[in-house]
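Enquirer: Need the 3D shape of this:
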Amino acid sequence: MSTRGTIRIYQDENDFREKGLPLVQVYNHSDSYPTGLGENLKFFCTGYAITRGINRQATEKSANGIGCFAAQLVKSFKDRIGGVYISHPKNGYENYLYEIYPASQPRDDNFVLVMKITNTYKNQILAHDWVDEITMYDD
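Expert: A predicted model of the protein is given here:
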């Protein structure tokens, strides 16, 4: 049986806290445990600069707002038929839920990403911090 996961990307911290609709929701069919999908998400998200506008100092890990970041994440994770899907927010059949949003306060003049990881079967929060501060482990 596959270890399923859902990634929800929120526009901002208010949408996350109020459990508004995510900007995008991605369903990952297998290997979604923290040392699988979680590590891949941490590697992808760490060091991302979420900016407001495009500037000359933009690096490979720069996004013009959270929508640009979400599109880059989907592009990076979707490399073949099957496995990864855009899904409806009402679908809830995951083992692990990864919720990502830009921090409300900038760090080093850019907005960094926060991630919350929940084991949905145990209803247990495994982590909730800046992406680069999270240590991944399987529960």
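Enquirer: What pLDDT is listed against the residue positioned nearest the centre of the chain?
Expert: The C-alpha lying nearest the average C-alpha coordinate of the chain belongs to residue 100 (C-alpha atoms, centre = their mean; 4.0 Å). The predicted local confidence for residue 100 comes out at a pLDDT of 95.
Enquirer: From residue 70, how far out is it?
Expert: Using C-beta to C-beta, to the nearest Å, one obtains 9 Å as the distance from residue 100 to residue 70. Where you see a C-beta, it was placed from the backbone N, CA and C, and this is true even at glycine.
Enquirer: what do the two both touch?
Expert: residue 9 (C-beta atoms under 8 Å, 6 or more residues apart in numbering).
Enquirer: So for the longest helix seen in the chain, what gets flagged as buried?
Expert: Of all segments of type helix in the chain, defined using DSSP state H, the longest is helix 66-77. Along helix 66-77, these residues count as buried under the neighbour rule (16 or more other C-beta atoms under 10 Å): 66, 69-70, 72-74, 77.
Enquirer: now the strands for the chain?
Expert: Under the criterion DSSP state E, the chain carries strands at the ranges 5-9, 24-28, 49-51, 62-64, 84-86, 96-102, 113-119, 124-130.
Enquirer: what's in contact with the first one?
Expert: Residues outside strand 5-9 that contact it (C-beta under 8 Å, 6+ apart) are 22-28, 32-33, 37, 41, 66, 69-70, 73, 87, 89, 91-92, 94-101.
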